[in-house]
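1. next come a sequence and a model predicted from it.
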Amino acid sequence: MGIFRRSSAAPALALDPAAALADRLRAIAAHEAPEDALQPALQAILEATGAQAGALCLFDVRYGLLRLAAEVGISDQGCRALRSIRQDDARAWALPLQCLRDRRPYLIDAASGAHHVPPLVEAGAAMRSVACVPLCAGETPLGSLVLVARAPRALSEHDVEQLAGPLDEVVRMIETARRPRAGAAAPEPEFSGVVASLDGPRGEVAAGPPESASLAAKLAARSEEADRLRAALEAAGVERARLAGELEHARRAADRAELLTTSLAAAERETAELAAALERGESGGHERLQEAVEQARAAEAARAAAEAELASARTALADAEARSVALEAEGRRARAEIERLELAERDGRAERERMEKELAETRARFDELAAHGNAVEGEIGVLRETVAALRSELRTLAAERDRLLGAPGAPQAETERGPLAAEVEAEDAPAAAELAPIESPPAPAAPPRPAEPPPSAARPRAHGARRLVVVLDVDPVWEGAVIDGTEVTVVKPGSDVFARFVGVTPTRLVVNLAAPGALAAMGALRAAGVSGRFWGCLASPASDKALPLGMIEPTTRPLDPDAVLLVLGGYAPRGTRIVTAGADGDTLMSLRHALTRQGLSVSMAWDAKQAADLFEAVRPEVVVLDLELPPRHGYELVVRLAGSSPVPSAVLVYGEGDDTGAGFTAALRAAPRNGLVPRDRLLANVLGHSEVPPEARPQKVYALPQRR
C-alpha cells in the first residue's frame with residue numbers, strides 16, 4: 001500500500017494528493033526567494049509522502065559533482081555522505097548520482113541489507129526504505145531527491161510514481177534559483193544608513209542584528225502580496241457585478257418566455273372555439289378558422305423560440321450563480337489572506353521598532369563609552385605633561401651636576417652622566433612608549449635593495465632575535481623593515497615553497513597576494529600541513545607602502561564545503577556572522593547548508609553590489625569570496641574589505657589557472673591611497689594581533705556597578 005493514502009470518508013470531489021502537493025509547491029515558489037524555496041519544498045514532500053527524512057542534491061555538470069543543498073532529518077554522517085558525490089569517487093555512496101545518470105528512480109529495501117546505504121538518520125532509528133529520484137529538465141540533469149522512511153513506514157513504487165507531477169515544480173524552483181541575479185535587491189536602506197553613520201570603534205556593535213535586512217525584505221514582500229490580493233479582490237467585484245447583470249438579463253428573458261406561453265394558450269383556446277363554431281355552421285367561420293390557425297402557428301413558433309431562449313437563460317443563470325459562488329469563496333479567502341498579511345506586517349513593524357529601540361540604546365551606550373574614552377584620553381594627556389615636566393627637571397639637574405663637577409672633569413662628567421642618563425632614560429622608555437600616541441612611523445626614503453638576490457629559503461632566526469617574520473613575496477624590500485627585536489626575511493612563491501620552510505617556525509607569515517603565484521603557494525603550504533595563519537596584504541614594488549587585508553585562507557574550485565568547514569574551525573565559533581559571495585548558486589546553497597548546520601549565521605550575495613551592501617548591513621566576521629565574480633569584482637571586493645573595521649577574515653576561492661597576481665595588482669591600482677601604510681608599520685601591526693582561536697581567547701567579564 002502506498003503512503004499517498006485516500007481517506008474513505010473524503011467526498012468524491014476531494015483533491016488528488018499529488019495535485020494538492022503540486023499546488024503547495026507552487027505556493028511555496030510564489031512566496032519564497034528562489035534560493036530559500038528548496039527547504040520548505042522538501043518539507044512539503046516529506047509531509048505528503050509520510051517519509052521521515054530527505055535531502056535535495058544539486059548536480060554541477062562542469063565537475064560531475066552532486067552537492068547537498070537542503071535536508072530534513074538527515075544525520076551528520078548522512079550529510080557528509082551526501083555533501084559532495086563525485087562520479088569517480090569509489091568510496092562515496094553513488095546511488096543518488098547513479099539514478100540521475102540512468103534517469104530512473106531507485107527504491108531500496110534498507111532493512112534487507114542487500115545494498116550499502118550510509119546511516120542517513122540518527123542511530124537508533126531503523127531505516128525501512130530509501131528512494132532516490134532524479135530531477136531533470138528535459139535532457140538536462142539538475143539533481144536528485146533522496147527520501148528515507150523509518151520502520152514501520154515503507155515507500156512503494158506507487159508513492160514514487162505519484163511524485164512525478166509535483167517534482168516538476170521542484171525542477172522549476174531549481175532552474176529559477178540558478179538564473180543570474182542581475183540587480184539583486186539590497187538590504188533595507190534605512191538600516192544600512194544607520195549602520196553607515198556609526199564608524200570607528202562603535203561600528204562593530206552598532207551594526208545591529210543581522211536579521212534586520214531580511215525582516216525588512218519580508219515586510220516589503222508581504223505588502224506587495226497584500227496589494228496584489230486587494231487588486232484581485234477588486235477585479236472579483238467587477239466580475240461579480242457583470243455576472244449580476246447577466247443574471248438580471250436571464251430573468252427578464254424568462255419573464256418574456258412566460259408571457260409568450262400565456263399568449264399561446266389563449267390562441268389555442270380561440271382556435272378551439274372557432275373550430276366548434278365551424279361545426280355548428282356559423283357564417284364566416286371558415287375565414288375566422290383560417291386566421292386562427294395562422295395565429296396559432298405564429299404563437300407556436302414564438303413559443304418554441306421562447307423555450308429555447310428560456311433554456312439558454314437558465315443555463316446562463318446556473319453558470320452565473322456558480323461563478324458568483326466561486327468568486328464569493330475566492331473573495332473570502334483573499335480577505336482572510338489580507339488580514340493574515342496585515343497582522344504579520346503589524347508584527348513585523350513591532351519587531352522593527354523593538355530592534356530600532358535596541359539599536360538606539362546600543363548607540364547611547366557607546367556614546368557613553370566614547371565619552372568615558374575621551375575622559376581617559378584627557379587623563380593620559382595630563383600624565384604626558386607630567387612626564388615631560390619630570391624629563392625637563394631631570395635635564396636641569398643633570399646640567400647642574402655637570403657644572404658642579406667643573407670644567408677639568410668635563411669628560412669624566414660626561415662619562416658619569418652617560419650611565420645615569422641611560423639608566424633614567426631606560427626607566428622612562430616603557431612609560432613613554434606606553435603613553436605616546438600611536439603614529440605612523442616615517443616611511444623609509446628609497447630603502448636600499450641588496451645587490452644580490454635574497455636566499456631561496458627562509459633564514460633561521462639570528463642570535464638574539466626574539467621574533468621572525470616571513471614575507472611570501474618576490475620583492476626583497478621587506479627585509480629593510482626595522483622592527484625592534486624582529487628579523488624579516490622574504491621567500492619567493494613557487495612549487496617548492498614548502499621545502500624552503502623546513503626547520504623554520506616564523507612568528508608571523510605575511511603574504512603579498514599581488515605577487516605572482518602567491519595564492520597558489522598558500523594552497524601548497526596548507527596542503528603540506530603548514531598550520532600558521534596567513535596575514536594578507538597587497539604591495540607593489542614601485543611603492544614603499546602596502547594595503548593590509550587581515551587573515552586570508554585559500555581554497556580552490558570546485559568548492560568543497562567540508563574543506564571550508566575545516567578551515568573555519570579556527571576562525572568561526574557558533575554564531576559567527578559569515579557572508580558568502582559568488583555567481584555559482586549551487587555552490588553557495590550547498591555551502592550555506594553546511595555552515596548553518598554548524599550554528600553559523602550565513603548571508604548570501606550573488607553579485608558585487610549585493611555583497612557590498614551585505615558588508616555594510618551584516619558587518620561579517622568571515623567572508624567566503626569567489627574571485628571569479630565578473631568582471632574581476634571579486635578582487636575589488638577584497639580591496640573593499642580592507643577598509644572595514646575590524647577587517648574580516650577571508651576565504652578566497654580561485655581556480656588552478658587563474659592569474660590571481662594580475663587581478664590583485666589591478667585592484668591595488670584602483671585602491672584608495674589613504675588605506676596604504678608603510679611596510680614596517682604593517683608588519684608591526686601584524687605582530688600586535690593575536691592568532692589565538694576565538695574559542696581559546698579569555699572571555700571578557702565586566703563588573704557592573706551595584707545598585708543601592
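-> Cool, got the structure.

2. any idea which helix or strand carries residue 58?
-> strand 53-60 (DSSP states H and E).

3. what lines up beside the next helix or strand after that strand in the sheet?
-> Following strand 53-60 in sequence order, the next helix or strand is strand 65-72 (DSSP H and E). Paired with strand 65-72 in the same sheet, following DSSP bridges, are strand 53-60 (antiparallel), strand 84-86 (antiparallel).

4. right, and the helix or strand after strand 65-72?
-> helix 76-83.

5. okay, angle between that following helix and strand 53-60 too, please.
-> Angle between the axes of helix 76-83 and strand 53-60 is 30 degrees (criterion: axes from the mean of the first three to the mean of the last three CA atoms, to 10 degrees).

6. how far off centre is helix 76-83?
-> 21 Å (CA atoms, centre = their mean, to the nearest Å).

7. and the contacts of it?
-> Residues from elsewhere that reach helix 76-83 (CB atoms under 8 Å, 6 or more residues apart in numbering): 53, 55, 57, 66-68, 71, 74, 92-93, 96, 118-121, 146, 561-562, 590, 594, 597. (Glycine included, C-beta is placed from N, CA and C.)

8. average pLDDT for that helix, rounded please.
-> The predicted model assigns helix 76-83 a mean pLDDT of 91.

9. then stretch 378-396?
-> Mean predicted confidence for stretch 378-396 is 78.

10. so which helix or strand of the protein has the lowest pLDDT on average?
-> When the helices and strands of the chain are scored by mean pLDDT, DSSP states H and E, helix 189-196 comes last with a mean of 31.

11. ok, back up a step: winner for burial among the strands paired with strand 65-72?
-> strand 53-60 (a mean of 24; mean count of other CB atoms under 10 Å).

12. what helices or strands is whichever strand or helix holds residue 663 leaning on?
-> Assessed by DSSP H and E, residue 663 sits inside helix 660-669. The criterion is 3 or more CB pairs under 8 Å, 6 or more residues apart in numbering; DSSP states H and E, and the helices and strands that helix 660-669 contacts are helix 518-527, strand 534-539, helix 633-641.

13. try 10 Å this time
-> With contacts defined as 3 or more CB pairs under 10 Å, 6 or more residues apart in numbering; DSSP states H and E, the packing partners of helix 660-669 are strand 508-512, helix 518-527, strand 534-539, strand 545-556, helix 633-641, strand 649-654.

14. can you list these in a markdown table and add mean pLDDT, mean neighbour count and distance to residue 84?
-> Shown next, in a markdown table, are the helices and strands packed on helix 660-669 (pLDDT from 0 to 100; neighbours: other CB atoms under 10 Å; distance: least, CB to CB, whole Å):
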| stretch | mean pLDDT | mean neighbour count | distance to residue 84 |
| --- | --- | --- | --- |
| strand 508-512 | 94 | 25 | 28 |
| helix 518-527 | 91 | 20 | 18 |
| strand 534-539 | 94 | 26 | 25 |
| strand 545-556 | 92 | 22 | 13 |
| helix 633-641 | 90 | 22 | 22 |
| strand 649-654 | 94 | 24 | 15 |
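
15. for the nearest residue to residue 125 once chain neighbours are set aside, grab phi and psi.
-> Ranked by CB to CB, 6 or more residues apart in numbering and with sequence neighbours excluded, the top spatial neighbour of residue 125 is residue 150, at 5.2 Å. Here is the backbone geometry of residue 150 (degrees, to the nearest 10): phi -100, psi 150.

16. shouldn't residue 150 be in contact with residue 52?
-> Yes - contact status for residue 150 versus residue 52: in contact at 4.9 Å, counting by CB atoms under 10 Å.

17. need the overlap of contacts for those two.
-> By CB atoms under 10 Å, 6 or more residues apart in numbering, residue 150 and residue 52 have these common neighbours: 73, 121, 125, 127-128.

18. contact partners for the closest residue to residue 532 other than its chain neighbours?
-> Spatially, and ignoring its direct neighbours in sequence, residue 532 is nearest to residue 509 (5.1 Å; CB to CB, 6+ apart). Residue 509 makes contact with 458, 468-472, 491, 501, 522, 525, 530, 532-535, 686, 691, according to CB under 10 Å, 6+ apart.
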